[in-house]
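Undergrad: here is a sequence together with a model predicted from it:
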Amino acid sequence: MQSIGHWIDGKPVRGSSETTAPVTNPATGAVTGELALANVADTRAAIDAATVAFASWRDSSLTRRTQVLFRFRELLSERRTELAAVITAEHGKVAADALGEVTRGLEVVEFACGVPHLLKGGFSENASTDVDIYSIRQPLGPVAIIAPFNFPAMVPMWFFPLAIGAGNTVVLKPSEKDPSAALWLARLWQEAGLPDGVFNVVQGDKVAVDELLDNPGIKAVSFVGSTPIAKYVYQRGTAAGKRVQALGGAKNHMVVLPDADLDLAADAAVNAGFGSAGERCMAISVVVAVGGVADDLVTRISARAARIVTGDGTGGAEMGPLITRAHRDRVAEYIDAGETAGARVVLDGRNLTVDGAPDGFWLGPTVLDEVTPAMSVYTDEIFGPVLSVVRVDTYEEAVALINANRYGNGTAIFTNDGGAGRRFQHEVEVGMVGINVPIPVPMAYFSFGGWKNSLFGDSHAHGTDGVHFFTRTKAVTARWLDPSHGGLELGFPQNK
Ligand code: NAD
């Protein structure tokens, strides 16, 4: 069993805290690591390192910063399968899916390689006679990133490439459930030539998070996790005067109109519902079958879902285990509750076993039909391999259902009617919309984020929102001395 600690000022650090948490391989149930949970002093050590490093990193040239980013990009690209294996060992997602996560993070690194262009300000010559005005973007200082378990590499990479490229320094607090990917990334930064202290990792729980939220040394917080914690982080962080973006939970609906290609829609629902065992914030968890498509669609979805091979992500499986035994049991309880409330269990994953791995946290793909909006399986984010089908008569009912939902992360519509797709993108109250695309995660040069209870704050991740979030602007008004500019003038300055 390995001992897992922090990464502070370019070195692995055990910290002074006596508190630890076990890290588990979800496919075997075996405890593989003992994680140090930071106390306040350990967290402050990381913040102090980031503060010291900021003084020189903020002054490093754009050329130097981009050279480090390009080197980091090259190393990550070369070794992506190594990182994917680290993710699978603690998260459980299958190797191909872990590789996909790394690749989507890599895209943000590539976007950040263009940071000199992204940081350019504006310039107006002769705004007043012989007076120029221009704007410059400057880094904020040390920033904190607090990550969830489900994307231990990609979610931090939504933020840190731009944060670092813009001249900030970082303290990353990974999830306690899969802490090793962050340490792997820290070592890679060092190899890429990033100065010590610019990127730090502090392992921990609420104690570390609260210190990051309260400590005046941290200037901004990027959080991703469940909605109650996102709201808490947003409120506490902004109360301490910080800039906060806090991305929360989701309940993503996929609408299938009667004219849709049902084979395409069934493939999409299964891929988006059961990929990563449903533990994605952009997973489809509700299929909204419109008009007469439900019977046919449910048959096609169930037939496909029944063929999914569940097992250890390092082998040939298509779907891995859930993150912990407690989470696995909670998801199974939601299925029980749905069944009791009258949902029809078309495919039941509750009794799944996997040969040779009796202690893994297994739950097979489950399809519930005739789910109603009053059932807990509909109202709550389940975060597991459970696809609920809600039947409605019209397009209007489908949109009203989505707009009444408290979450607004992602949604999709499947149709061959361009007008319906266009109307949907206009009317639906959700931050990321797919038209015949089930998981509409925007590319790095657009911004990622939901609406309503899926995001607290006004900045989404990466893209132009990311550049704005990690910089503050200064407007400079300049006049170079000229003998004609003398004299007293006590009135408010006006342009001449
Ligand atoms: P979580 O909210 O339990 O944990 C997220 C982070 O908050 C972790 O680092 C954890 O250590 C910390 N934390 C947990 N409890 C805390 C507390 N009481 N005080 C302070 N910090 C605390 O989330 P999770 O289970 O790790 O991740 C799954 C959730 O994340 C799902 O709800 C999912 O939808 C969401 N998520 C959202 C997005 C998005 O883009 N909106 C992306 C990925 C995951």
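TA: In hand now; what should we look at?
Undergrad: burial count for Leu185?
TA: 26 (other Cβ atoms under 10 Å). Bear in mind the C-beta positions are built from the backbone N, C-alpha and C, glycine included.
Undergrad: residues of the helix or strand hosting it that come out buried?
TA: For Leu185, the host element (DSSP states H and E) is helix 180-192. Using 16 or more other Cβ atoms under 10 Å as the test for burial, helix 180-192 gives Ser180, Ala181, Ala182, Leu183, Trp184, Leu185, Ala186, Leu188, Trp189, Gln190, Ala192.
Undergrad: equivalent analysis for stretch 412-421, please.
TA: Neighbour-count burial for stretch 412-421 flags Ala412, Ile413, Phe414, Thr415, Ala420, Gly421 (criterion: 16+ other Cβ under 10 Å).
Undergrad: list the contacts for the residue nearest the centre of the chain?
TA: Central residue check for the chain by Cα atoms, centre = their mean: the C-alpha nearest the mean position is that of Val155, 4.0 Å away. Val155 makes contacts with Ala147, Pro148, Val224, as judged by Cβ atoms under 8 Å, 6 or more residues apart in numbering.
Undergrad: mind running it again at 10 Å?
TA: Counting by Cβ atoms under 10 Å, 6 or more residues apart in numbering, Val155 makes contact with 101, 104-105, 145-149, 172, 174-175, 181, 222-225, 247, 281, 448, 461.
Undergrad: please apply the same query to Ala240.
TA: Ala240 is in contact with Leu212, Leu213, Asp214, Asn215, Pro216, Ile218, Val221, counting by Cβ under 10 Å, 6+ apart.
Undergrad: list phi and psi for it.
TA: phi -90, psi 10 (degrees, to the nearest 10).
Undergrad: doesn't Val221 lie inside a strand?
TA: Yes - the assignment for Val221 (DSSP: H, G, I helix; E, B strand; the rest coil) places it in a strand.
Undergrad: now it: how far from Trp189?
TA: 20 Å (Cβ to Cβ, to the nearest Å).
Undergrad: again, but for Asp59
TA: Asp59 is 19 Å from Trp189, by Cβ to Cβ.
Undergrad: next: Glu333.
TA: 41 Å.
Undergrad: of all the buried residues of stretch 412-421, which two lie farthest apart?
TA: Ala412 and Ala420 (12.6 Å; Cβ to Cβ).
Undergrad: between those two, which contacts overlap?
TA: By Cβ under 10 Å, 6+ apart, Ala412 and Ala420 have these common neighbours: Val255, Ile435.
Undergrad: what does the stretch 201-350 of the chain put close to the ligand?
TA: Asp205, Lys206, Val209, Val224, Gly225, Ser226, Ile229, Leu247, Gly248, Gly249, Ala250, Cys281 (Cβ under 6 Å from any ligand atom).
Undergrad: pull out the buried residues from those.
TA: Buried members of these, counted by 16+ other Cβ under 10 Å: Val209, Val224, Gly225, Ile229, Leu247, Gly248, Gly249, Ala250, Cys281.
Undergrad: what residues are bridge-paired with the second one?
TA: Under the criterion DSSP bridges, Val224 forms beta bridges with Leu247.
Undergrad: for it, give me its contacts.
TA: By Cβ under 10 Å, 6+ apart, the neighbours of Val224 are 145-148, 150-151, 154-156, 158-159, 175, 230, 233, 245-248, 281, 448-449, 455, 461.
Undergrad: again, 8 Å this time
TA: Counting by Cβ under 8 Å, 6+ apart, Val224 makes contact with Ile146, Ala147, Pro148, Phe151, Val155, Trp158, Ala230, Ala246, Leu247, Cys281, Ala461.
Undergrad: leaving out chain neighbours, which residue sits closest to Ser454?
TA: Asn409 (3.9 Å; Cβ to Cβ, 6 or more residues apart in numbering).
Undergrad: what distance do you get for the one you found to Ala374?
TA: Counting by Cβ to Cβ, the gap from Asn409 to Ala374 is 22 Å.
Undergrad: and for Thr66?
TA: Thr66 is 53 Å from Ala374, by Cβ to Cβ.
Undergrad: buried set for stretch 206-223?
TA: So for stretch 206-223, counting by 16+ other Cβ under 10 Å, buried means 207-213, 215, 217-223.
Undergrad: typo on my end, it should be stretch 374-386
TA: Neighbour counts over stretch 374-386 (16+ other Cβ under 10 Å) mark Met375, Val377, Tyr378, Glu381, Ile382, Phe383, Gly384, Pro385, Val386 as buried.
Undergrad: do stretch 301-313 as well
TA: Result for stretch 301-313 [16+ other Cβ under 10 Å]: buried residues Ile301, Ser302, Arg304, Ala305, Ile308, Thr310, Gly311, Asp312, Gly313.
Undergrad: nearest to Ala46, of those?
TA: The closest of these, once distances to Ala46 are taken by Cβ to Cβ, is Gly313, at 30.7 Å.
Undergrad: sort out for me which of the contacts of Val155 are in strands.
TA: Within the contacts of Val155, residues falling in strands by DSSP state E are Ile145, Ile146, Leu172, Ser222, Phe223, Val224, Leu247.
Undergrad: and the furthest pair within the buried residues of stretch 374-386?
TA: Greatest spatial distance in these: Met375 and Pro385, 17.4 Å, computed using Cβ to Cβ.
Undergrad: tell me the pLDDT at His485?
TA: We have a pLDDT of 65 for His485.
Undergrad: alpha carbons only: can I get the helix or strand encompassing the residue nearest to the centre of the chain in CSV?
TA: Per DSSP H and E: Val155 is located in helix 154-165. This file holds the C-alpha atoms of helix 154-165, laid out as CSV (Å, rounded to 0.1, in the frame of the first residue of the first chain):
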residue,chain,number,x,y,z
MET,A,154,-9.6,16.6,-17.1
VAL,A,155,-11.4,18.9,-14.6
PRO,A,156,-8.2,20.3,-13.2
MET,A,157,-7.0,20.8,-16.7
TRP,A,158,-10.1,22.8,-17.5
PHE,A,159,-8.5,25.5,-15.3
PHE,A,160,-4.8,25.2,-14.7
PRO,A,161,-3.4,25.6,-18.2
LEU,A,162,-5.0,29.0,-18.6
ALA,A,163,-4.4,30.0,-14.9
ILE,A,164,-0.7,29.3,-15.3
GLY,A,165,-0.4,30.6,-18.8
